[in-house]
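# Starting from these lines, generate the structure:
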Amino acid sequence: MNPAPIIYIVDDDPSVLRSLCRLMRSAGLKAAAFNSPEEFLAQLGGEPCGCLVLDVAMPGLNGLELQTALAARGCLLPIVFITGQGDIPMSVRAMKAGAVDFLAKPFRSGELLAAVRAALEKNRQARLEQAERDRLNGWLDRLTPREREVLPYIIGGNLNKQTAFELGTAEKTIKVHRARVLKKLGVTSVADLVRLAERAGIKPSVVSR
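Numbering: from 1, shown residues only. A predicted model of the protein is given here:
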């Protein structure tokens with residue numbers, strides 16, 4: 001079962017934290033408050049489910065720097081920025097880095113809740129995609145290292161003799177690997193294998209000669 005999403009709120013103003021937590025709970029959402037990005041990072045564990053409501057201007061690590069730190073971790077939490085000191089370049093930078101919204105204080109409650117719900121949907125989709133990638137990678141773990149090496153050449157549409165030349169082996173050996181890859185991954189055609197590999201993020205290798 002998926003955990004209930006949590007709205008993580010990071011702001012250095014205690015009154016803002018209290019009011020936003022009350023707003024989220026009044027909308028039937030779970031909320032957790034942090035008075036600094038450092039406190040949030042220290043308590044962040046695993047892959048959190050939900051979204052982040054984040055102030056921009058704070059002492060120490062600011063909101064944009066926290067966004068960068070989370071991206072470096074591969075964290076899937078979407079971010080809704082709130083700020084009383086924002087400007088257009090700042091909002092553009094935040095949005096280009098993947099923020100869901102950038103709201104200037106004071107904002108309407110409905111405006112923030114709409115942005116939070118959009119962020120929760122984005123997180124739900126990202127978690128589903130990650131689960132699918134994990135499932136596909138579990139299938140790919142059935143392959144031997146050599147079969148994993150051959151796979152990109154199969155989905156690249158190369159002939160067995162081309163792949164054999166590239167990998168320095170015999171054509172009949174590639175033919176055996178090809179059959180085993182299809183069987184182990186439960187597909188009956190190269191077209192199905194291409195679709196599976198694409199969902200798993202595997203890029204094809206194409207031999208030019």
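# for the residue nearest the centre of the chain, helix, strand, or coil?
In the chain, the centroid-proximal residue (Cα atoms, centre = their mean) is residue 76; its distance is 4.4 Å. State at residue 76, reduced to three classes by DSSP: H, G, I helix; E, B strand; the rest coil: coil.
# Contacts only, for it.
Contact analysis of residue 76 by Cβ atoms under 8 Å, 6 or more residues apart in numbering lists 47, 123, 126, 127, 130. In this view, the C-beta of every residue, glycine as well, is placed from N, C-alpha and C.
# 10 Å - rerun?
Listed by Cβ atoms under 10 Å, 6 or more residues apart in numbering, the contact partners of residue 76 are 47-51, 70, 122-123, 125-127, 129-130.
# Which members of those residues are positioned in strands?
When DSSP state E is applied, the contacts of residue 76 are split such that 50, 51 fall in strands.
# Check pLDDT for the contacts of residue 76 and point me to the minimum.
Across the contacts of residue 76, the smallest pLDDT goes to residue 47, namely 79.
# State the number of residues packed around that residue.
Residue 47 has 15 neighbours, counted by other Cβ atoms under 10 Å.
# List the contacts of the least confident helix or strand in the chain by mean pLDDT.
Sorted by mean pLDDT, DSSP states H and E, the helices and strands of the chain end with helix 88-96, the least confident at a mean of 83. Helix 88-96 has contacts (Cβ under 10 Å, 6+ apart) with 54, 56-57, 62-64, 67-68, 79-81, 83, 86-87, 99-104.
# from these, which would you call buried?
Among the contacts of helix 88-96, those classed as buried by 16 or more other Cβ atoms under 10 Å are 54, 56, 62-64, 67, 79-81, 83, 86, 99-103.
# Sort out which of the residues you listed are in helices and list them.
63, 64, 67 (DSSP state H).
# Any chance of JSON lines for those residues, columns pLDDT and distance to residue 112?
Shown next, in JSON lines, are those (pLDDT from 0 to 100; distance: Cβ to Cβ, whole Å):
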{"residue": "63", "pLDDT": "91", "distance to residue 112": "15"}
{"residue": "64", "pLDDT": "92", "distance to residue 112": "19"}
{"residue": "67", "pLDDT": "93", "distance to residue 112": "18"}
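# Export these as a markdown table, with columns for distance to residue 10.
Below are these laid out as a markdown table (distance: Cβ to Cβ, whole Å):
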| residue | distance to residue 10 |
| --- | --- |
| 63 | 7 |
| 64 | 12 |
| 67 | 11 |
